[in-house]
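# Quick one: sequence plus predicted model below, questions after.
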There are 2 protein chains.
Amino acid sequence: MIRLFVPDDLRAGAGLAPAPDQARYLIQVMRLGIGDAIAVFNGRDGEWRAVLTEVARRGCRLTLESQLRTQAAGPDLELVMALVKRGPLETVIEKAAELGAGRVRLVATRRTNADKANLPRLTAIAIEAAEQTGRLDVPEIAAPEKLDRLLDGWDPARRLLWCDESGAAPAALGALADGGPWAILIGPEGGFAPEEAQRLRALPFVVPVSLGPRILRADTAAIAAMTLWQAKLGDWR
Amino acid sequence: MIRLFVPDDLRAGAGLAPAPDQARYLIQVMRLGIGDAIAVFNGRDGEWRAVLTEVARRGCRLTLESQLRTQAAGPDLELVMALVKRGPLETVIEKAAELGAGRVRLVATRRTNADKANLPRLTAIAIEAAEQTGRLDVPEIAAPEKLDRLLDGWDPARRLLWCDESGAAPAALGALADGGPWAILIGPEGGFAPEEAQRLRALPFVVPVSLGPRILRADTAAIAAMTLWQAKLGDWR
């Protein structure tokens, strides 16, 4: 069943006007007609069955019928992702949505080459991936901040899994031992600067781990770490 | 250090003429000069330090100095990958090299739309990823075959991890219990046909597993499954 993310409140009998690009997708691409049903979600009210009740020259209207699934909180996993190149960054956003991250925080580090990101585009990628993967919310993509500032304001109750490439860190699967909120930190292509690694190593909430003997690209490391977290502590159990 | 995969035998004092595109990369892109060192490997003789000893108008020559690492067998993991679209397929080849798969076997299933693949291009992607990830071999990319034929000739001593989307399969991490040779089977975007799923379910060497409650794209599932195998049974332990 086609799934659409919408901003509207969802309740039985309510009408819904999808955004122009969503309407175009439903009518012109998927060729839905009056009476066809899709699923909609808004991140707050669960998933609803919505029936196409009006098709106009521009746009269409849906009527909400019944709730298919109630809203449930996803696993409490965040991703702190260095501003890598556009291609791998977009891959990571898509995969973070599929792998159930609740929020992606973008960071500039000593060795990142960018301090900006195209947030509307990244958010659109997150929405599309959330629609396709079947989740009931969309991961928030937070505007880039500097790593040092992010660490200054870190809630120490949230553990930060740091994929440490020094080779000295313990295997990730064993280090993922405690429940509760976690985040995963992925550095840029060139790794962290020595002073950044030193600070990370000294922070009590940072859990340094190894992702094996081979050098991983940043996007691969992000996907691998989210996978291991979900399998060991998240909703893949 | 720059790493190059070469076909030549490697032994101390031997000379080596890199392929034209490799020579161009060393001289024109990386701007190496006489006396600069790189690392070379061929999948058989370990990794060697090689020094640039000649630069000509077209091409260059390296002289092998000393062995940096001896050849060691990687973990015995294969990937059986359905012929998905070119973008995700190329991603999977790159990540299979990074995640230490020894061989990728491409398969056509009832729901794949292709029965061919650009093997030279996929092999080039595997070589580049192997060079960058630091491994001592390059995963073989085997020509596409039909799933039924592949299963007919399967060595039952090699377990086949099947990412079963039916929702009834046990969690992957727990199902990855026994050592020995494994392969991971990833289906096409549309999943396996019912008759394919039925056959897989009945085969004694097939281990059906779940990769969580969300629907994963084929490339995400391949990366996630290889990650879990390496963490639980492979060289990430």
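Right, received. Where do you want to start? Numbering: from 1, shown residues only, chains lettered A, B, ... in the order given.
# From now on I want contacts and neighbour counts done on CA atoms only, so please keep to that.
Noted.
# where does chain A come near chain B, residue by residue?
With C-alpha under 8 Å from any C-alpha of the partner chain as the criterion, chain A comes near chain B at residues A:95, A:98-100, A:132-135, A:171-173, A:210-217, A:220, A:223-224, A:227-228, A:230-232, A:235-237.
# can you list the domains in chain A?
Per the record, chain A has its domains at A:3-69, A:77-232, by automatic domain parsing.
# which of the ones you listed sits most buried?
Ranked by mean neighbour count, the domains of chain A are led by domain A:77-232 with a mean of 19 (mean count of other C-alpha atoms under 10 Å in any protein chain shown).
# Endpoint to endpoint, stretch A:131-143 covers what distance?
End-to-end distance for stretch A:131-143: 22 Å, by C-alpha to C-alpha, to the nearest Å.
# ok, A:Glu94 to A:Arg135 distance?
In this view, A:Glu94 and A:Arg135 are 13 Å apart by C-alpha to C-alpha.
# quick check, A:Ser150 in a helix?
Rather than Ser, residue A:150 is Leu. Yes: checked against DSSP: H, G, I helix; E, B strand; the rest coil, A:Leu150 lies within a helix.
# ok, and the closest non-adjacent residue to it?
A:Val107 (8.0 Å; C-alpha to C-alpha, 6 or more residues apart in numbering or on different chains).
# could you pull out the strands for chain A?
Remark: strands assigned in chain A by DSSP state E are A:3-5, A:15-16, A:37-41, A:47-55, A:60-69, A:77-82, A:103-108, A:140-146, A:159-163, A:182-186, A:206-209.
# Show me what the last one pairs with in its sheet, parallel or antiparallel.
Read it as strand A:206-209. Counting by DSSP bridges, the strands paired with strand A:206-209 are strand A:159-163 (parallel).
# Now do the strand it pairs with and strand A:77-82, the angle between them.
When axes from the mean of the first three to the mean of the last three C-alpha atoms, to 10 degrees is applied, the directions of strand A:159-163 and strand A:77-82 differ by 50 degrees.
# For strand A:159-163, C-alpha coordinates in CSV please.
Extracted C-alpha coordinates of strand A:159-163, given in CSV (Å, rounded to 0.1, in the frame of the first residue of the first chain):
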residue,chain,number,x,y,z
ARG,A,159,25.8,7.1,25.5
LEU,A,160,27.8,8.1,22.4
LEU,A,161,29.2,5.2,20.4
TRP,A,162,32.4,6.3,18.8
CYS,A,163,33.7,4.3,15.9
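# Contacts for that strand next, please.
Among residues not part of strand A:159-163, those counted as contacts by C-alpha atoms under 8 Å, 6 or more residues apart in numbering or on different chains are A:181-186, A:205-211, A:221, A:225.
# Could you do stretch A:70-87 as well?
Contacts of stretch A:70-87 (C-alpha under 8 Å, 6+ apart): A:43-47, A:89, A:96, A:100-109, A:112-117, A:136, A:144, A:180-189, A:218, A:222, A:234-235.
# hey, what's the nearest residue to A:Phe205 once chain neighbours are set aside bridged with?
Excluding its sequence neighbours, the residue lying closest to A:Phe205 (C-alpha to C-alpha, 6+ apart) is A:Arg159, at 4.9 Å. According to DSSP bridges, the residues that bridge with A:Arg159 are A:Trp182.
# list the contacts for the residue nearest to A:Glu131 when sequence neighbours are not counted?
Excluding its sequence neighbours, the residue lying closest to A:Glu131 (C-alpha to C-alpha, 6+ apart) is A:Arg3, at 5.3 Å. Contact analysis of A:Arg3 by C-alpha under 8 Å, 6+ apart lists A:38-41, A:131-132, A:134.
# so A:Ala14 makes contact with A:Leu64?
Yes: between A:Ala14 and A:Leu64 there is a contact at 5.5 Å, judged by C-alpha atoms under 8 Å.
# Need the overlap of contacts for those two.
In contact with both A:Ala14 and A:Leu64: no residue, using C-alpha under 8 Å, 6+ apart.
# And A:Met73, what's its pLDDT?
You called it Met, but residue A:73 is Ala. According to the prediction, A:Ala73 has pLDDT 88.
# Repeat that for A:Ala126.
For A:Ala126, the model assigns a pLDDT of 98.
# Would you confirm that it contacts A:Thr91?
No: A:Ala126 is beyond contact range of A:Thr91, at 10.0 Å (criterion: C-alpha under 8 Å).
# Show only the entries of the residues of chain A next to chain B found in helices.
Of the positions in the residues of chain A next to chain B, A:95, A:98, A:132-133, A:172-173, A:220, A:223-224, A:227-228, A:230-232 sit in helices, assigned by DSSP state H.
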